[in-house]
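**Student:** 3D model of this:
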Amino acid sequence: MKKFHAVAIDGPAGSGKSTIAKRLAKELGYVYVDTGAIYRTVGYYIWICGIGGRDGDGVRRLLDDVNVRIEYPGDGLQHMFLNGRDITEDIRTPEISSYASQVSAHKCVRDFLLDTQRDLAASHNVIMDGRDIGTVVLPDAEVKIFLTASPEVRARRRHSELQEKGCKDSYEKVLADMKQRDHQDSTRAIAPLRQAEDAVLLDTSEMDLEEAIAAAKSIILGKLETV
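**Tutor:** Below you'll find the model as predicted:
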């Protein structure tokens, strides 16, 4: 049986995980798995049903009605389907980001999505990013990177990204939301955000995008040489 390689990239919101992982997957010929988008998909469904993201019982009752599908069509990007509908663009809002953080704190949601994520790694070479990939989802991944940057740098990057999409939120609001998300993700009881013991820390606060990609690629290639 062919052995597939897995790269786990964890880190806080706005650290550039998705952008960097997507580029690396393309350059290395791997499948990119954005697990944040998977949780956003569940969060989106909970949101449209009018249930609070912290309502554990309400969330649990709705999971039986959720069908999540991941596809990689001709554009090579990960598309998220909820009950047969492509909602890839719909889930990229600050409100759904907050819902994703809230619903991901529930063990029932994490258990519900765990096999989906592991099945992808069992059948492809993957670069998977999220909050607990190296610690929970793929604890045996050959390469683990903990990607981070200061809250101010991450907020500045996210603010610029949102402005390009027409969002009018101020930098101060984006920074406050970022810090709140960091607190939610790092203090939740189930699978909190933390660096795996065998992960390589990569702080990109002083790097531009190309430098960060080069640094991450060097880590990956160096680790894969030893396996």
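
**Student:** now do stretch 173-189, average pLDDT.
**Tutor:** In this model, stretch 173-189 has a mean pLDDT of 89.

**Student:** what's next to that stretch, contact-wise?
**Tutor:** By CB atoms under 8 Å, 6 or more residues apart in numbering, the residues outside stretch 173-189 that reach it are 12-14, 94, 97-98, 101-102, 104-105, 131, 151-152, 154-155, 158-159, 162, 169, 192-194. Backbone N, C-alpha and C define where each C-beta goes, glycine included.

**Student:** apply 7 Å and report the result again.
**Tutor:** If you take CB atoms under 7 Å, 6 or more residues apart in numbering as the criterion, stretch 173-189 is touched by 12-14, 94, 101, 105, 131, 151-152, 154-155, 158-159, 162, 192-193.

**Student:** how about that stretch: buried residues?
**Tutor:** For stretch 173-189, burial by neighbour count (16 or more other CB atoms under 10 Å) applies to 174-175, 177-179, 181-182, 184-185, 188.

**Student:** give me the number of residues near the residue nearest to residue 83 when sequence neighbours are not counted?
**Tutor:** Excluding its sequence neighbours, the residue lying closest to residue 83 (CB to CB, 6 or more residues apart in numbering) is residue 67, at 5.0 Å. Residues lying near residue 67 (other CB atoms under 10 Å) number 11.

**Student:** contact partners for residue 133?
**Tutor:** Residues near residue 133 by CB under 7 Å, 6+ apart: 8-10, 35.

**Student:** give me the PyMOL select line for the contacts of stretch 173-189, limited to the buried ones.
**Tutor:** Applying 16+ other CB under 10 Å to the contacts of stretch 173-189 leaves a buried subset, and the PyMOL line that selects it is:
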select buried, resi 12+13+14+94+101+105+131+151+154+155+158+159+162+193
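
**Student:** ok, the contacts of stretch 173-189 vs residue 74, which is closest?
**Tutor:** Proximity of those to residue 74, judged by CB to CB, is greatest for residue 162, which lies at 27.5 Å.

**Student:** please name the nearest non-neighbouring residue to residue 86.
**Tutor:** Excluding the flanking residues, the one nearest residue 86 by CB to CB, 6+ apart is residue 79, at 5.6 Å.

**Student:** per-residue pLDDT of the one you found, please?
**Tutor:** We have a pLDDT of 92 for residue 79.

**Student:** isn't it right next to residue 88, touching?
**Tutor:** Yes - the criterion here is CB atoms under 7 Å, and residue 79 meets it with residue 88 at 4.8 Å.
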